[in-house]
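**Student:** using only what follows, build the 3D model:
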Amino acid sequence: MNYLMIGANKIKNKVKDGICKFWSDESGMGTVEVILIIVVLIGLVIVFKQQIAGIVEDIFKAIREDTRVITN
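**Tutor:** Residues are numbered from 1 along each chain as shown. Sure, this is the predicted structure:
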């Protein structure tokens, strides 16, 4: 019976150490930060969709007019 308790304690300690190592590991933090930035940017695009579309349309209109002046 004593051997079972010792084995159970060893397993418990290994699991506890593994969880602590996993919790303190920060190697994936860069990925999480990039994903959060992308989510914020997508949210801004959704909120300002019409304004962005208007600006892009004006830019392309100016480019088309300038290319007509150059080609004619």
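**Student:** quick one: residues in contact with the strand or helix carrying I46.
**Tutor:** Taking DSSP states H and E as the criterion, I46 maps to helix 29-47. Helix 29-47 is contacted by residues I52 when judged by CB atoms under 8 Å, 6 or more residues apart in numbering. Every residue, glycine included, has its C-beta placed from N, CA and C.
**Student:** going forward, count from 499.
**Tutor:** OK, 499 is where the count begins now, so the last one is helix 527-545.
**Student:** buried set for it?
**Tutor:** Within helix 527-545, no residue is scored as buried using 16 or more other CB atoms under 10 Å.
**Student:** CA atoms only: put it into CSV for me.
**Tutor:** The C-alpha coordinates for helix 527-545 follow below in CSV (Å, rounded to 0.1, in the frame of the first residue of the first chain):
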residue,chain,number,x,y,z
MET,A,527,2.6,35.0,-26.6
GLY,A,528,3.8,36.6,-29.9
THR,A,529,1.1,34.6,-31.7
VAL,A,530,-1.6,35.7,-29.3
GLU,A,531,-0.6,39.3,-29.6
VAL,A,532,-0.6,39.2,-33.4
ILE,A,533,-4.1,37.6,-33.4
LEU,A,534,-5.4,40.3,-31.1
ILE,A,535,-4.0,43.0,-33.4
ILE,A,536,-5.6,41.4,-36.4
VAL,A,537,-9.0,41.2,-34.6
VAL,A,538,-8.8,44.9,-33.7
LEU,A,539,-7.9,45.8,-37.3
ILE,A,540,-10.8,43.8,-38.7
GLY,A,541,-13.1,45.4,-36.2
LEU,A,542,-12.0,48.9,-37.3
VAL,A,543,-12.4,48.0,-41.0
ILE,A,544,-16.0,46.8,-40.3
VAL,A,545,-16.8,49.9,-38.4
